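S.K.: dropping a prediction and its sequence here:
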Amino acid sequence: MERGLKRIFQPLRGLFRGYLHRVLLAAFFFVAFVPVAFGSLAISRVIQDYLANATTQRVNRDMNLAQAFYDSARRQVSAIAVSIALDNELPTYLSQENISKDETLRLLERMIQNRIVSNELEGTQFIGVFRPDGRLVAGRVLFAYGVHRPVRRDMDWSSLPIVAAALRQGVLTSGTEIIPAEYLEPIGLAEQAHIPLIETPRAAPQLFDPREGTAGLALTAVAPARGPSDEIIALIVVLQMFNRDFTLVDRIKQVAGVDTATIFLGDWRVSTNVLTETGERAIGTRLSEEVAKVVLYEGQEYTGRAFVVKENFITRYSPLRDHANQIVGILYVGAREEAFLSLVHDFNRRVVLIAIVSILIAVALSLPVAHSITQPIISLVAASAKVAGGDMTVRVPEKGRGELRQLSEAFNRMVNELQTTEDELLHARNLASIGQLAAGVAHEINNPLGTIMLYSDILNREVPPDSTIKDDLQMISREAARCKEIVTALLNFARQSRVMAQETDVNSVIRELARDLERLPLYESVVIVQKLEPNLPIIQADPTQLRQVLVNLANNAAEAMPNGGTLTFATSLDPAGDRVRISVEDTGIGIPPENIPKLFTPFFTTKPIGRGTGLGLAITYGIIKMHRGQITVQSEVGKGTRFTVILPVRIAQAQPTASDEGAAAV
């Protein structure tokens with residue numbers, strides 16, 4: 001039994017070894033248990049905000065759909081009025097000789113009856129043909145329950161504002177209109193329009209419109225009908241009344257999927273599918289004062305939480321305007337807040353359940369997860385110790401993903417960079433040593449070499465031209481001159497000069513150099529191309545040394561193209577804007593890969609004996625390092641070579657160190 005328990009708990013004991021293990025385990029338990037309440041609260045809040053936003057978006061969508069249905073009904077009302085006004089038989093019916101005939105009136109009423117029965121408009125409707133003086137010639141009413149009947153003739157609607165406006169302007173006029181009871185009574189709609197006002201909590205103490213309770217709210221269109229001489233012979237009035245007519249609001253609810261919809265005359269509900277506590281439609285109830293101020297008095301839409309009849313809704317209210325753009329009512333859509341809160345509570349319960357399950361999972365996973373985190377770190381610690389001991393070959397495995405893998409990759413990159421830096425420092429020390437040696441050698445042989453050149457020149461002048469030693473003396477002079485050039489190069493290589501930094505236009509240096517190079521015999525078959533960045537900033541550099549770098553690179557490129565080719569100078573600015581790039585590219589023979597690491601080593605050259613000293617690129621390397629820059633090489637045998645010089649826009653202010661002076665000697 002004891003052995004079995006030991007076998008089970010033995011792996012776990014190792015997880016508690018070490019300070020980091022214990023800290024991680026404590027952190028896991030802290031994260032699992034302590035923040036759960038705050039996390040649940042935050043998640044609940046986020047979900048509540050999301051659901052509130054989603055509900056608001058839904059209400060906005062519902063309003064867009066409701067307005068689309070409302071506008072469609074308004075267009076249908078206008079279309080019916082216009083179609084009757086354009087009827088070809090209407091002028092005949094309304095002519096002086098026919099208008100007083102009973103048969104004509106019957107035909108006119110039959111036409112109206114056909115239109116009122118066959119149109120696509122639903123709900124309570126009225127169609128009337130009025131004389132230009134505003135008196136009714138013929139008309140008919142269709143009730144929402146399908147019954148239609150004629151109306152009393154000779155009633156006068158000339159003082160109804162929309163009728164007067166249409167007669168005055170002579171064009172189709174439409175809008176959401178308040179129709180007073182005295183106009184509705186002759187056509188039999190006054191009783192339907194009359195809805196007793198019901199005391200409503202939070203409603204304003206005063207009515208928005210004193211006609212609320214008796215007047216009707218209707219979509220109304222008035223279209224002038226014209227005779228043969230373009231004179232107005234009649235006014236066609238079509239209206240759809242909303243009082244006690246629930247056709248439109250129910251259609252919006254059923255077809256558009258809207259929870260509730262209401263049409264207000266002022267702040268008074270005349271058509272709605274919002275229910276009272278007794279389950280009846282809440283017609284006659286009034287709008288809350290808070291919403292009325294925003295929509296009716298300020299003319300703005302209202303979106304948000306509002307008290308509707310008996311409970312809170314998530315709502316949107318939009319003002320309705322008459323033909324004169326005056327606010328006469330409101331179109332409303334809304335969703336019950338109780339449904340929203342029920343959904344929030346359901347989500348909250350799920351959040352709590354998820355939190356509890358998460359704690360249990362965290363407890364179960366904390367031990368192996370802690371081990372998986374600390375094991376790579378332990379490997380990094382061991383590798384760091386080896387690097388500190390001087391072992392630059394050590395690397396850590398780049399396993400897994402995420403931050404631990406990035407840490408391993410960063411460690412390996414760091415070791416590589418340390419190795420590179422160490423190689424560069426060693427190279428710089430070697431160059432400094434070689435420079436000091438070269439300086440000593442150059443000074444030691446410079447004087448004897450001068451003596452040799454002096455006496456060989458004297459002898460060359462004194463011996464006759466046909467002397468047998470004439471050629472030997474000339475060879476001594478030539479070889480001594482070549483040695484002089486090598487000594488001069490050694491002195492230049494060994495000289496520890498400083499960078500005389502000044503504001504330098506790299507593009508100007510390249511343009512001037514290109515003009516000078518084109519005149520040299522070495523560049524007769526070479527095409528020089530300049531791809532210069534026009535917005536390249538002025539940099540701090542020594543223009544003389546920069547020109548020397550470019551001359552060395554250009555001469556090497558030209559010599560690599562014995563049969564001619566293209567030499568390209570290009571400049572660009574790094575994305576960070578703090579460094580410039582200068583590239584010198586040729587289409588020559590290229591450099592073998594095995595020679596690239598040795599290019600900047602003093603005295604290394606691939607040129608034939610007598611054509612190069614092997615110091616040009618070493619001097620170039622030293623100048624670039626003194627400018628705090630870098631140089632890179634890309635080459636492909638048979639295709640060409642590109643040298644890229646990277647220089648800072650501003651040279652960092654620092655005192656030269658031993659390594660700097662060693663580089664300066666390069």
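M.R.: Good, I have the coordinates. Quantities reported herein were computed from a predicted structural model and do not represent experimental measurements.
S.K.: the nearest residue to Gly640 once chain neighbours are set aside and Leu617, how far apart?
M.R.: Of all residues not flanking Gly640 in the chain, Thr587 sits nearest, at 4.4 Å (C-beta to C-beta, 6 or more residues apart in numbering). All C-beta atoms are positioned from the backbone trio N, CA, C, and that covers glycine. When distance is defined by C-beta to C-beta, to the nearest Å, Thr587 is 19 Å away from Leu617.
S.K.: neighbour count winner among the two?
M.R.: Just comparing Thr587 and Leu617: by other C-beta atoms under 10 Å the higher neighbour count belongs to Leu617, 23 against 19.
S.K.: quick one, what contacts that one?
M.R.: Contacts for Leu617 (C-beta atoms under 8 Å, 6 or more residues apart in numbering) come out as Asn552, Asn556, Leu599, Phe600.
S.K.: and what of Leu265?
M.R.: Leu265 sits in contact with Ile178, Asp209, Arg211, Glu212, Ala215, Gly216, Leu217, Phe242, Asn243, Val328, Gly329, where contact means C-beta under 8 Å, 6+ apart.
S.K.: now do the SS call for the fourth one.
M.R.: Going by DSSP: H, G, I helix; E, B strand; the rest coil, the secondary structure assigned to Glu212 is coil.
S.K.: pLDDT score for Pro575?
M.R.: Predicted confidence (pLDDT) at Pro575: the value is 89.
S.K.: assign a three-state SS to it, would you?
M.R.: Secondary structure for Pro575, judged by three-state DSSP, is coil.
S.K.: which residue lies nearest the spatial centre of the chain?
M.R.: For the chain, the residue whose C-alpha lies nearest the mean C-alpha position (C-alpha atoms, centre = their mean) is Pro575; its distance is 20.4 Å.
S.K.: just checking, which of the contacts of Leu617 belong to helices?
M.R.: When those are checked against helices using DSSP state H, the ones located there are Asn552, Asn556.
S.K.: looking at the contacts of Leu617, which is nearest Val381?
M.R.: Closest to Val381 out of the contacts of Leu617 is Phe600 (37.0 Å), distances taken as C-beta to C-beta.
S.K.: ok, and the closest non-adjacent residue to that closest one?
M.R.: Taking C-beta to C-beta, 6+ apart as the measure, Phe600 lies nearest to Tyr621, with 4.2 Å between them; neighbours along the chain are not counted.
S.K.: which SSE is immediately downstream of the host helix or strand of the one you found?
M.R.: When secondary structure is defined using DSSP states H and E, the element that contains Tyr621 is helix 616-626. Going down the chain from helix 616-626, the next helix or strand is strand 630-636, by DSSP H and E.
S.K.: tell me the strands beside that next one, with direction?
M.R.: strand 640-648 (antiparallel) (DSSP bridges).
S.K.: and for the partner strand, what's in contact with it?
M.R.: Strand 640-648 has contacts (C-beta under 8 Å, 6+ apart) with 506, 539-541, 549, 553, 557, 560, 565, 574, 578-588, 590-591, 624, 627-635.
S.K.: any weak-confidence spans in the stretch 451-600 of the chain?
M.R.: In the predicted model of the stretch 451-600 of the chain, residues 482, 484-498 satisfy pLDDT under 70.
S.K.: that one: helices as residue ranges?
M.R.: 470-494, 506-517, 543-559 (DSSP state H, counting those that start in this stretch).
S.K.: return the most buried member of the ones you listed.
M.R.: Highest mean neighbour count of the helices of the stretch 451-600 of the chain: helix 543-559, a mean of 20 (counted as mean count of other C-beta atoms under 10 Å).
S.K.: from Phe600, how far off is the closest residue to Ile591 other than its chain neighbours?
M.R.: Ranked by C-beta to C-beta, 6+ apart and with sequence neighbours excluded, the top spatial neighbour of Ile591 is Ser635, at 4.1 Å. Here Ser635 is placed at a distance of 14 Å from Phe600 (C-beta to C-beta).
S.K.: again, but for Arg74
M.R.: Plainly put, Arg74 is 85 Å away from Phe600 if you go by C-beta to C-beta.
S.K.: hey, which helix or strand in this structure has the poorest pLDDT?
M.R.: Across the helices and strands of the chain, the lowest-confidence element by mean pLDDT, DSSP states H and E is helix 658-664, at a mean of 36.
S.K.: and His261, which helix or strand is it part of?
M.R.: Rather than His, residue 261 is Ala. When secondary structure is defined using DSSP H and E, the element that contains Ala261 is strand 260-265.
S.K.: avg pLDDT for that strand?
M.R.: Per-region confidence: strand 260-265 scores 95 on mean pLDDT.
S.K.: that strand pairs with which strands?
M.R.: Strands that pair with strand 260-265, judged by DSSP bridges, come out as strand 268-272 (antiparallel), strand 327-336 (antiparallel).
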